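Peer 1: What follows is a predicted structure for the sequence shown.
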Amino acid sequence: MNRPHTLPPSVQAILIAFLLGHSIAAQTESRLTVPPWVKDAVFYQIFPERFANGDRTNDPVSVVPWGAKPTTTNYFGGDIQGIIDHIGYLRDLGIDAIYLNPVFKSSTNHKYHTSDYMTIDPEFGTNELFSKFLGICHRNGIRVIIDGVFNHTGTDFFAFADIVKNGEKSKYVHWYNIYTFPVKIQQPPNYQAWWGRGPGSGEQRDAALRCPPERDPGD
């Protein structure tokens, strides 16, 4: 049986550390260091969905023609292959690093409502392609910083979905701020969502994580 492709070990380490409850914010100032290369680095920020469409086979069904008027919900089909196809252009600009907006599996075009931190969104490519992308960047002297979005998840993230299903009995109930039960994904949400939003807000497709997630005293 073929084994699924996995994310690079460095990315896995970041995700595992977070999910185990290790918060960067909890580290003492003496332990925080700024890599020397960052101080004079030139960054180029890329919003993958709107940068370049390099593979039309993974386009969303509702993709609009490139150059059409962008909205907050439409799709143009940008992907990882599109970035790979333009590495030469980015290198010639003289950049040192790419700041990459979210690329993990999500139900939105911006990918901030993460449902799976271990999988590159299929609309962007595969884990294997992402590893290839990192290798090409590094060979061209370009570092990659991932916008991991570890302070909130999509409502279809496994832990939040378990709370929706099992309510107060869910072992993940302390990962989020739930105001009332049962949890209802509607407007207004009865749980804390992104940027401190909660009851009365119009945002209900994501949920804010406690950082680090609290452990149940009985665990």
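Peer 2: Arrived safely.
Peer 1: shaky segments in this structure?
Peer 2: Residues of the chain meeting the criterion pLDDT under 70: 1-31, 195-206, 210-219.
Peer 1: For the longest strand that it contains, buried residues please.
Peer 2: Counting residues, the longest strand found in the chain (DSSP state E) is strand 114-120. Residues of strand 114-120 classed as buried: Thr114, Ser115, Tyr117, Thr119, Ile120 (neighbour count, 16 or more other C-beta atoms under 10 Å). (Each C-beta comes from the backbone N, C-alpha and C, glycine too.)
Peer 1: Would you reformat these as CSV and include distance to Ala193?
Peer 2: Converted to CSV, those look like this (distance: C-beta to C-beta, whole Å):
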residue, distance to Ala193
Thr114, 14
Ser115, 15
Tyr117, 18
Thr119, 23
Ile120, 24
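Peer 1: Val38: which of those residues is nearest?
Peer 2: Proximity to Val38 was ranked across these by C-beta to C-beta; first place goes to Tyr117, at 23.8 Å.
Peer 1: Can you verify my assumption that the closest one contacts Phe104?
Peer 2: Yes: counting by C-beta atoms under 8 Å, Tyr117 does reach Phe104; the two are 5.3 Å apart.
Peer 1: what's the overlap in contacts for these two?
Peer 2: Contact criterion C-beta atoms under 8 Å, 6 or more residues apart in numbering; residues shared by Tyr117 and Phe104: Gly148.
Peer 1: Could I get the buried residue list for the longest helix anywhere in the chain?
Peer 2: Ranked by residue count under DSSP state H, the longest helix found in the chain is helix 127-139. By neighbour count on 16+ other C-beta under 10 Å, the buried set for helix 127-139 is Asn127, Leu129, Phe130, Ser131, Phe133, Leu134, Cys137.
Peer 1: next one: stretch 75-94
Peer 2: Quick answer for stretch 75-94 (16+ other C-beta under 10 Å): 75-84, 86-87, 90.
Peer 1: likewise stretch 178-193?
Peer 2: Ile178, Val183, Pro188, Pro189, Asn190, Tyr191, Gln192, Ala193.
Peer 1: The last one reaches Leu209, doesn't it?
Peer 2: No: with contact defined as C-beta under 8 Å, Ala193 does not reach Leu209; the gap is 10.8 Å.
Peer 1: Please enumerate the shared neighbours of the two.
Peer 2: What both Ala193 and Leu209 touch, as defined by C-beta under 8 Å, 6+ apart, is the set His152.
Peer 1: before we move on, the earlier item: packing partners for the longest helix of the chain?
Peer 2: With contacts defined as 3 or more C-beta pairs under 8 Å, 6 or more residues apart in numbering; DSSP states H and E, helix 127-139 has these neighbours: helix 80-84, strand 114-120, strand 143-146.
Peer 1: For the first one, which outside residues touch it?
Peer 2: Helix 80-84 is contacted by residues 46, 48, 51-55, 98, 103, 120, 124-125, 129-130, 132-133, 136 when judged by C-beta under 8 Å, 6+ apart.
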